[in-house]
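**Student:** generate coordinates for the sequence data below:
(one chain, ligands or ions: 2)
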Amino acid sequence: MSNDLSKACQILKNGGAVAMPTETVYGLAASIESEDGIHKIFSTKERPFFDPLIVHVSDAEMASNLVMSWPKIADILAKTFWPGPLTIILKKNEKVSDLITSGLDSVGLRCPNHPVAQELISKMGHGLAAPSANKFTKTSPTSSAHVKDEFGSDVFVLEGGLCEIGIESTIVGIDGDNVKIFRPGKITKDDIENALKTHNYDITVEYAKSPVAPGQLEHHYMPDAPIVLIENDNQLQSSILSKDLLRNPVHWTLSNNAAMVARELYAKFRDLSKDGPSAIIIHVDSKTLDDQSWHGIWNRLTKAASFNLLSK
Ligand code: TXA
Ligand code: MG
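**Tutor:** Residues are numbered from 1 along each chain as shown. Ligands and ions are numbered 1, 2, ... in the order given. As a prediction, this is how the structure comes out:
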């Protein structure tokens, strides 16, 4: 085991939290068996206790030990997409504390596809709770440098390079034959329906309408400068944009490659707000709105934006 990994295990065993890389974003991890560690996550992130954490596991077997039952649908999704960017919400059992789930009777489970995260979980031998390693409502980190910018020397960071996917996992809730997407991500509704269909489950996956957890509330992922979403330059004349906001803005035009945009999205939010611009004006092509591979990106963009001038 590398020195850094043994140091991380030591911190976790002593009731601390460490930052770990995953393929989506960096997470701030603590042992699910340490109440102190879980408290440390909430205090470091300044996250309110009413926002539940997801639990990271090595495999489906570890996940199935944390829930009341491991339904066939969960097994199909885990076999198809794990390790990978899918979080599965199921009814929890007593091994998962109410502190982790904010009192909900369900828990989000995810098996990350990153060798460092995998090794850390295996060495610990049990699940790690980990939200994204950023202050509450702020931009998620996709590099170790982002985490260090956010928390300074307060948090030990395991190096894992740049996150390949760049936006957080797709969250899917399973309740009987009812399968709902709570947060869109790289794994799309079609991906999930197709995986189920292959195993003879002809299920229409819905998008959850009302937020069941505060992480799904309106403003999130926000960089320091206000974001304005536009699809043509004329919209900058809109009366809702003050002169002050347009004093010294920076601009970013999104490419049409969803995977690339997702990968660089949060780094761009950080880079573009660095010199204190009055606004970040993001030029988008609203045709991509209906494309499932863009849903995760649209979800993050609209939650991060202070002004959304798209006609749709
Ligand atoms: O890709 C990811 O999922 C990353 C990496 C680190 O794994 N993690 C992540 O965690 O994005 P976090 O805490 O930033 O976002 C998890 C979201 C939150 O919005 C939380 O409210 C929601 O999942 N959540 C957690 N448990 C839930 C539950 N039982 N029911 C509904 N939503 C839940
Ligand atoms: Mg987060």
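
**Student:** only C-alpha atoms from now on, for both contacts and neighbour counts.
**Tutor:** Fine.

**Student:** strands of the chain, start to end?
**Tutor:** For the chain, the strands defined by DSSP state E occupy 18-20, 27-31, 54-56, 86-91, 106-110, 128-129, 156-157, 170-175, 178-183, 206-207, 227-230, 250-253, 280-283, 305-308.

**Student:** quick one, what contacts residue 244?
**Tutor:** Residue 244 makes contact with residue 278 under the criterion Cα atoms under 8 Å, 6 or more residues apart in numbering.

**Student:** kindly apply the preceding question to residue 234 instead.
**Tutor:** For residue 234, no residue meets the contact criterion (Cα under 8 Å, 6+ apart).

**Student:** backbone phi and psi for residue 310, please?
**Tutor:** Phi and psi for residue 310, reported as degrees, to the nearest 10, are phi -70, psi 140.

**Student:** and it, what does it touch?
**Tutor:** Residues counted as contacts of residue 310 (Cα under 8 Å, 6+ apart) are 229-231, 286.

**Student:** and the closest residue to residue 245 other than its chain neighbours, what does it touch?
**Tutor:** Leaving aside its chain neighbours, residue 245 sits nearest to residue 278 (5.2 Å; criterion: Cα to Cα, 6 or more residues apart in numbering). Residues in contact with residue 278, defined by Cα under 8 Å, 6+ apart, are 225-226, 244-250.

**Student:** likewise for residue 53?
**Tutor:** Applying Cα under 8 Å, 6+ apart, the residues contacting residue 53 are 100-102, 107-108, 129-131.

**Student:** need these in TSV with pLDDT, can you?
**Tutor:** Formatted as TSV, the contacts of residue 53 follow (pLDDT from 0 to 100):
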residue	pLDDT
100	98
101	97
102	94
107	98
108	98
129	98
130	98
131	98
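
**Student:** nearest to residue 117, out of those: which one, please.
**Tutor:** residue 130 (10.7 Å; Cα to Cα).

**Student:** rewinding a little: and the least confident of the contacts of residue 310?
**Tutor:** Among these, residue 286 carries the weakest pLDDT, at 86.

**Student:** residues near the residue nearest to it when sequence neighbours are not counted, how many?
**Tutor:** Spatial nearest neighbour of residue 286, chain neighbours left out: residue 231 (6.7 Å); criterion: Cα to Cα, 6+ apart. Counted with other Cα atoms under 10 Å, the neighbours of residue 231 add up to 18.

**Student:** with residue 192 instead?
**Tutor:** 21.

**Student:** what's the separation between it and ligand 1?
**Tutor:** 16 Å (Cα to the nearest ligand atom, to the nearest Å).

**Student:** confidence score at that residue?
**Tutor:** Reported pLDDT for residue 192: 98.

**Student:** now do the contacts for it.
**Tutor:** Neighbours of residue 192 in contact, by Cα under 8 Å, 6+ apart: 77, 205.

**Student:** could you do residue 169 as well?
**Tutor:** 24, 85-87, 183-187.

**Student:** so can I have TSV of those showing distance to residue 41 and neighbour count?
**Tutor:** TSV is the format used below for these (distance: Cα to Cα, whole Å; neighbours: other Cα atoms under 10 Å):
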residue	distance to residue 41	neighbour count
24	19	29
85	21	24
86	22	29
87	19	28
183	21	22
184	24	25
185	23	28
186	26	25
187	27	20
